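[1] I would like the atomic coordinates for the input below:
(2 chains)
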Amino acid sequence: MDRKTYKTSETVDFIVVGSGASGGIIARELSRAGHSVVVMEQGPRMRPGDFEHDELKYRMLSGITNNPATNPQSFRKDPNQKAERASGSNPLTYARIVGGSSAHFNANFWRLHEVDFIEGSKYGGIPGASLVDWPITYAELEPYYTKVEWEVGVSGLAGANPFESFRSKPYPMPPLPVKSSGVLFERGGRKLGLHPFPSPMAINSVMYKGRPPCAQCGLCGGYGCEVKAKSSSVWTVIPEAEATGLCEVRPESYVFRIGMDKGGRATGVYYYDADRKEQFQKAKAVVVSANGSETPKLLLNSATSGFEHGLANSSGAVGRYLMFNKGGGAAARFENPLNEYKGANVTRVIHDFYDSDPKRGFYGGGGFDARSGGPLTWGQSVPEGTPTWGPGFKEYLESYTYWMNCSGHGTSLAQETNRIDIDPELKDDWGVPAMRVTYKDHPDDVKHAKWQVQRAVEIMDAAGAKQIVPGEVGEARGGVHLLGTCRMGNDPATSVIDKHHRTHDVKNLFLCDGSSMVTSGRGQPTLTIEALAFRAAEHIAKFARANEI
Amino acid sequence: MKQPPSSRRQFLAAIGNLASAGWVAMNWPQIAAAAEPMGHMGHDMAAAPPAKLKTLSAAEAAEVDAIANQIVPGGATPGARDAHAIYFIDNALGSFFAAQLPSFRKGLADFQSAYAAGSSAGAPFSAAPEAQQIAWLHEVDKTPFFMAVRRLTVLGMLALPQYGGNFEGLGSKLIGVEERHVWTPPFGYYDRDYAGFVPYPGSKTYSA
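    The predicted model follows:
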């Protein structure tokens, strides 16, 4: 297929910065609505055969993620400290390829619950936190959750999770085959009176929309899917956007500033092309879907006359309220081999502890799942009491296929001091000022994570584990779920975007990605980000039709 | 007849061995159609693994190899030496972990001098009898240098053979992992006889 290309001198209707979970959907919807669209992506475009089963490269050498050597970040726990350049890995990690983090996610795809949108009213007033309601409800987002499940492709079993909020349609595909970890997790959960259910996954279980079912290679989280069974933007909405003949995806195009005119309108984006040559693409409007770290970085680096503290930052909220999804779990060894290296990473989930419960004495809730990890990472540490080298260590290595993880995924409270801003000294390989991350767990997040460890131990014990290793709950020094940094809200004094994803300050600038989220949910945010993207695109297209951009 | 490349052979074997499972029968044509042309051929043509030293001297490598082979000893099953972990370590320190080479070399020099100071034999660590090596490693197994060798040894056992270690997949075999691109249920012991998901009382599952 000949792909549409635009000249930088042409004024396109929309630039979408980022080709991931949100950017891909917005590009498809806007181009299907008849608009000319250029999608800017920092990273390269990989073909299916380019993805490798290489844990060293993908999980340890930043093979497809932002690389600390070329895209450095600094980190500090306290705003009064000097941030230090992170070594080894960056605090905030995301995939830097066409498809963004939807290309390398685990694909565990649960919806938020009704309560997620109203926790400010229900539990607000937590000291040190800014727990507020979303400006939209679950009911408003529900049709778009359904749209993601059917348009992008999600497998699962409707009605199996007794705690799920209402849904208007079942999943379009049945759940994936259960793994041994799922069977044991379900066994333990049921024995405790809990309600494990087949995991909803953005992975095809049958042929769907021209893509095949999962080959069960076992490498989902951190890897691209070479058979296209994983419902990543690069295999789903991006080709559909291009098929309109109106959308160009421009890889290796690193947007570093949004252009502005004297009237306070965005005029396009400045970016470095594949040869690191500066370019400017003109556009009538800009949608930034660059992820919860790159979106605020771009706004802050776009400070200009009239926007001295960064674009769309009259509230001062750009970059603030950074959230991850803190959680705690346990590893467990069983009598017989599970072979967790085979099959999609997650096959069973528990939502019994999803809601926060004041009786626990702290705010926090979450979900649990049964999942696996790669051997290179697994082999680097040993349970307490196991030799770190010698015959005893070798025996431990030989037990790899007998282990599984029971992982808890939970809440992180929004705090004003947890933020991304621009490091005063550090720059990346392109000379672009780098992001500085300031983050300290809220005490309730830590208490909840430790509580989750206890529940995980109980589930694994009830499942019949021969050895259980409770997870350690350490201080968060970064994450992969990058949330809340340009929060949505009705009040321009306290939020960055309105409920339609338009920035309060710049009429033709829209933001949609993890940064839009007001609370953290309980992990697995991509389905929500994609639902928000379908909803945002619908409103943006409506505004364009009404000449209101 | 020319043999197809290894992962393709494995792929075809998977069809033959596992085609009886219901899920496979239902979905196999689509999986096979997708996986075949998308080819793992790119992976099959990966560069040949390094099989000679490029970064460390022979004397340095002998010392590191001796340490690695105590971290994962050989015997009835393969150890670090059998898996050519030293070639991975040498390759890593000359490329993607090159920034660590100066501190690694200094750590090795300190290791050697400390060993020499505590030994009357005058021979390097690698020439010492096994019991003596083990005794000495117990003295130093909390040092950053030992921890670095340990980390690299584990990676050298398990990373893809193209990086120099995991020779002939011996490391993968040690941990019970078969290198294939396609799997079909049952995956492990506990999902063989799974009877299927039973909905909870009061709930009703439904499908498209």
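[2] would you map the helices across chain B?
    For chain B, the helices defined by DSSP state H occupy B:6-18, B:22-38, B:41-44, B:58-71, B:85-94, B:101-118, B:130-140, B:144-158, B:170-174.
[3] and chain B, what are its domains?
    B:6-45, B:58-174 (automatic domain parsing).
[4] convert stretch A:303-313 to PDB, retaining C-alpha atoms only.
    What follows is stretch A:303-313, C-alpha atoms only, in PDB (Å, rounded to 0.1, in the frame of the first residue of the first chain):
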ATOM      1  CA  ALA A 303       7.200  27.600  27.200                       C
ATOM      2  CA  THR A 304       6.900  30.800  25.300                       C
ATOM      3  CA  SER A 305       5.800  34.400  25.700                       C
ATOM      4  CA  GLY A 306       2.400  34.300  27.400                       C
ATOM      5  CA  PHE A 307       3.000  30.800  28.500                       C
ATOM      6  CA  GLU A 308       6.200  31.300  30.500                       C
ATOM      7  CA  HIS A 309       5.600  28.300  32.700                       C
ATOM      8  CA  GLY A 310       4.800  25.900  29.900                       C
ATOM      9  CA  LEU A 311       1.900  25.500  27.500                       C
ATOM     10  CA  ALA A 312      -1.500  25.000  29.000                       C
ATOM     11  CA  ASN A 313      -0.100  25.400  32.500                       C
END
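[5] which parts of it are buried?
    A:303, A:307, A:310-313 (16 or more other CB atoms under 10 Å in any protein chain shown). Placement of C-beta: from N, CA and C, glycine included.
[6] can I get these in JSON lines with distance to B:Ala99?
    Below are the buried residues of stretch A:303-313 laid out as JSON lines (distance: CB to CB, whole Å):
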{"residue": "A:Ala303", "distance to B:Ala99": "34"}
{"residue": "A:Phe307", "distance to B:Ala99": "39"}
{"residue": "A:Gly310", "distance to B:Ala99": "34"}
{"residue": "A:Leu311", "distance to B:Ala99": "36"}
{"residue": "A:Ala312", "distance to B:Ala99": "38"}
{"residue": "A:Asn313", "distance to B:Ala99": "37"}
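[7] any chance of the residues you listed in a markdown table, plus pLDDT and distance to A:Glu472?
    Listed next are those as a markdown table, based on pLDDT from 0 to 100; distance: CB to CB, whole Å:
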| residue | pLDDT | distance to A:Glu472 |
| --- | --- | --- |
| A:Ala303 | 98 | 40 |
| A:Phe307 | 97 | 43 |
| A:Gly310 | 98 | 37 |
| A:Leu311 | 98 | 40 |
| A:Ala312 | 98 | 39 |
| A:Asn313 | 98 | 37 |
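[8] if I look at the residue nearest in space to the middle of chain A, how far off is chain B?
    Closest to where the C-alpha atoms of chain A average out (CA atoms, centre = their mean) is A:His481, at 4.3 Å. Here A:His481 is placed at a distance of 27 Å from chain B (CB to the nearest CB, to the nearest Å).
[9] contacting residues for the residue nearest the centre of chain B?
    Per CA atoms, centre = their mean, the C-alpha nearest to the average position across chain B is that of B:Leu158, at 1.0 Å. Contact partners of B:Leu158, counting by CB atoms under 8 Å, 6 or more residues apart in numbering or on different chains, are A:55, A:375-376, A:379, B:165-166, B:171-172, B:175.
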